[in-house]
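Q: Could you work out the structure for the sequence below:
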Amino acid sequence: RWPYLVTEYFDGRPLGEPLDLYNYPDVIASGEVGLGEHKLTAGPHKLSFEITGANDSALKGYLVGLDYLKLTPR
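A: Residues are numbered from 1 along each chain as shown. Below is the predicted model:
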């Protein structure tokens, strides 16, 4: 899990509140984290992540991990 508070953005818009996925001492998978439904028009789009803080119990650093991105057509 990430030790940081992370905010996801799609095309510059935040996708909700920051996530705190820190868990100590065990690293456990969060499972899939839904980022909502978005209409993808032709052309480029941007998915980005911003570290907006840290869990008080975590060692401080500046890393974010993403295992995979799942896109499902509607």
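Q: CA atoms for contacts and neighbours, from now on please.
A: Fine.
Q: Just list the residues touching residue 10, thanks.
A: Residue 10 makes contacts with 45-48, as judged by C-alpha atoms under 8 Å, 6 or more residues apart in numbering.
Q: That one bridge partners, please.
A: residue 13, residue 47 (DSSP bridges).
Q: Thought residue 5 was touching residue 53, still the case?
A: Yes: between residue 53 and residue 5 there is a contact at 4.8 Å, judged by C-alpha atoms under 8 Å.
Q: With pLDDT and distance to residue 57 added, can I get the contacts of residue 10 in JSON lines?
A: Listed next are the contacts of residue 10 as JSON lines, based on pLDDT from 0 to 100; distance: C-alpha to C-alpha, whole Å:
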{"residue": "45", "pLDDT": "94", "distance to residue 57": "35"}
{"residue": "46", "pLDDT": "95", "distance to residue 57": "31"}
{"residue": "47", "pLDDT": "92", "distance to residue 57": "28"}
{"residue": "48", "pLDDT": "93", "distance to residue 57": "25"}
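Q: Report the buried residues of stretch 60-67.
A: Counting neighbours by 16 or more other C-alpha atoms under 10 Å, one finds that stretch 60-67 has no buried residues.
Q: quick one: residue 55 from residue 45, how far?
A: To residue 45, residue 55 is 30 Å away according to C-alpha to C-alpha, to the nearest Å.
Q: again with residue 70
A: 15 Å.
Q: Name the residue in those two with the higher neighbour count.
A: Comparing residue 70 with residue 45 by other C-alpha atoms under 10 Å, the one with more neighbours is residue 45, at 11 against 6.
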